[in-house]
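A.B. asks: sharing a sequence plus its predicted fold:
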Amino acid sequence: QVHMVESGGGLVQAGGSLRLSCAASGHTFGNYQMAWFRQAPGQGREFVARITESGSSTSYAASVKGRFTISRDNAKNTVYLQMNSLKPEDTAAYYCAAGVNIGSGYSYDYWGQGTQVTVTS
C-alpha cells in the first residue's frame, strides 16, 4: 500500500503560479512511476504529467507542456508539480498517483485525495 497526501492547491489569478506537492508513505517510493492527473467539474479525469521512477524522464499533456514541470525527490518521498502561467481552464482537482510497471504499461493503483486549484480570470 502507498498512502499519498497532496498539498499546495489554492486560488490564484490567471498568469500566476502554484506548486503542488504529494508526499508518499508506505512503500519504497522509488519503485513507482509518479503522475499527476486532474478533474474539472463535470469532466473525466485527465492526465497532466508523469515522471519515471528515477526522475530521468518526464512527459506532459499538450495542454500544460511548457507551463508545468513535474519533479520528484526520492529521498523525501515527494513528487511536485510546478504550475506557471496558469489559465482559468487549469481549474480542477489535482491528484497524484503511483504507478507500477505491469509489462504492458503502468497501472496507477494508488491515488491521493486531491487538492483543488482554482484560477480566476
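C.D. replies: The structure has been received and is ready for your questions.

A.B. asks: phi, psi for Gly103 please.
C.D. replies: phi 100, psi -50 (degrees, to the nearest 10).

A.B. asks: pLDDT value on it, please?
C.D. replies: For Gly103, the pLDDT comes out at 86.

A.B. asks: among the helices and strands of this protein, which has the poorest mean pLDDT?
C.D. replies: Across the helices and strands of the chain, mean confidence by mean pLDDT, DSSP states H and E is lowest for strand 106-111: a mean of 92.

A.B. asks: after that one, which helix or strand is next? Please name it.
C.D. replies: The first helix or strand that comes after strand 106-111 along the chain, using DSSP states H and E, is strand 115-120.

A.B. asks: what about the longest strand in this structure?
C.D. replies: strand 92-101 (DSSP state E).

A.B. asks: how far does it sit from the chain's center?
C.D. replies: In terms of CA atoms, centre = their mean, to the nearest Å, the centre of strand 92-101 is set 6 Å apart from its chain centre.

A.B. asks: just the angle for that strand relative to strand 115-120, thanks.
C.D. replies: Compare the direction of strand 92-101 with that of strand 115-120 by axes from the mean of the first three to the mean of the last three CA atoms, to 10 degrees and you get 140 degrees.

A.B. asks: may I see the buried residues of strand 92-101?
C.D. replies: Ala92, Ala93, Tyr94, Tyr95, Cys96, Ala97, Ala98, Gly99 (16 or more other CB atoms under 10 Å). No exception for glycine: its C-beta is placed from N, CA and C like everyone else's.
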